[in-house]
Structure formats: structure tokens, C-alpha cells
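1. Have a look; sequence and predicted model below, questions after that.
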Amino acid sequence: MEGLYQRSYFFDAGLRFACQCCGDCCTGAPGIVRVTPAEIDRIAHYLGVKATDLKSSHLAPWEGGHRIRERADGRCLFFEAGCRIYAVRPRQCRTFPFWFTNLRSEARWQKTCRACPGIGRGRLYTKTEILDLLAGDD
């Protein structure tokens with residue numbers, strides 16, 4: 001893993017990002033947002049509900065764990081004029097747009113830039129911070 005930090009990437013000088021809370025990544029095309037047991041507990045506590053109730057109302061089984069369910073139009077069940085769980089959102093949501101699929105090439109990143117108004121704004125994430133996010137060290 002250490003060798004990855006020595007390589008050169010198109011984001012060696014860092015990338016700017018600040019979530020605009022627009023919901024573009026929470027609505028539209030369907031997707032899978034996985035949640036860990038610890039994330040389920042945090043979300044349930046934040047919403048003041050039991051984890052079992054949260055699972056039955058907002059989650060669905062997925063590959064031995066759970067994922068957040070969506071409405072028929074692809075909108076996350078937690079998105080209603082903003083993310084209802086933003087403060088405790090799952091890691092997958094917290095690390096967007098710094099996902100491997102978005103960072104695998106500069107062309108892919110440019111495509112992500114066109115879809116997300118927060119890219120290019122806000123604080124500068126260093127190469128090391130970005131690689132740490134990819135490695136799960138957030």
C-alpha cells in the first residue's frame with residue numbers, strides 16, 4: 001500500500017471539494033449505498049429510533065449486510081430537501097467524490113466534475129488525504 005503513495009497521479013497537487021448539499025449524488029440514477037452495523041447504530045441513534053425499526057423502514061439486505069433503500073425514482077430514502085442524516089451519513093457518502101471509480105483517470109474525474117457542483121470548490125484535499133480516503137483511513 002505504501003507504494004501507492006509514491007506513485008504520481010493527476011491529483012498530485014490535490015483536489016478541491018466542498019459538498020453543496022444539492023442532492024445530485026442522492027437522487028437520480030439508482031445506486032447502492034452500503035451501511036455497516038456501526039453506521040446503522042449511529043443513524044438509528046441520530047434519528048432516535050431502534051436499529052431494527054431503521055432496518056425495516058429504510059434499509060434492505062445486501063450481500064450479507066444492508067444497504068439504504070431508494071424510492072422508485074432512485075432518490076435515497078433519507079433525502080428530503082436535503083440529507084436527513086448528513087451528520088452521520090455512511091462512509092460511502094462521506095467519501096464522495098473521492099471514490100476509486102472517479103479517480104481511476106483524469107477523464108473519469110472530469111466526468112464526475114460535470115455531475116457534481118462541489119468539485120473545484122472548498123478546501124484542498126492533498127494527495128495523501130485522498131489516498132487515505134481510498135484506503136479507508138478517514
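-> Arrived safely, thanks for sending.

2. Look up phi and psi at the residue nearest to the spatial centre of the chain.
-> Among the residues of the chain, the smallest C-alpha distance to the mean C-alpha position (C-alpha atoms, centre = their mean) belongs to Cys93, namely 1.9 Å. Torsion angles at Cys93 (phi, psi; degrees, to the nearest 10) stand at phi -80, psi -40.

3. The nearest residue to it once chain neighbours are set aside: neighbour count?
-> Leaving aside its chain neighbours, Cys93 sits nearest to Val33 (6.4 Å; criterion: C-beta to C-beta, 6 or more residues apart in numbering). Where C-beta positions appear, they are placed from N, C-alpha and C, glycine not excepted. Val33 is flanked by 23 other residues according to other C-beta atoms under 10 Å.

4. Could you report the separation of Val33 from Thr128?
-> When distances are taken as C-beta to C-beta, to the nearest Å, Val33 and Thr128 turn out to be 26 Å apart.

5. re earlier: now the residue nearest to Cys93: how far from Phe78?
-> Between Val33 and Phe78 the distance, using C-beta to C-beta, works out to 9 Å.

6. tell me the domain ranges of the chain?
-> Following the assignment in automatic domain parsing, the chain carries domains at 1-20+93-138, 34-89.

7. for the record, mean pLDDT for the last one?
-> Here the mean pLDDT over domain 34-89 is 96, rounded to a whole number.

8. Over to that domain now: how far is its first residue from its last?
-> End-to-end distance for domain 34-89: 11 Å, by C-alpha to C-alpha, to the nearest Å.

9. Kind regards, and thank you for your time.
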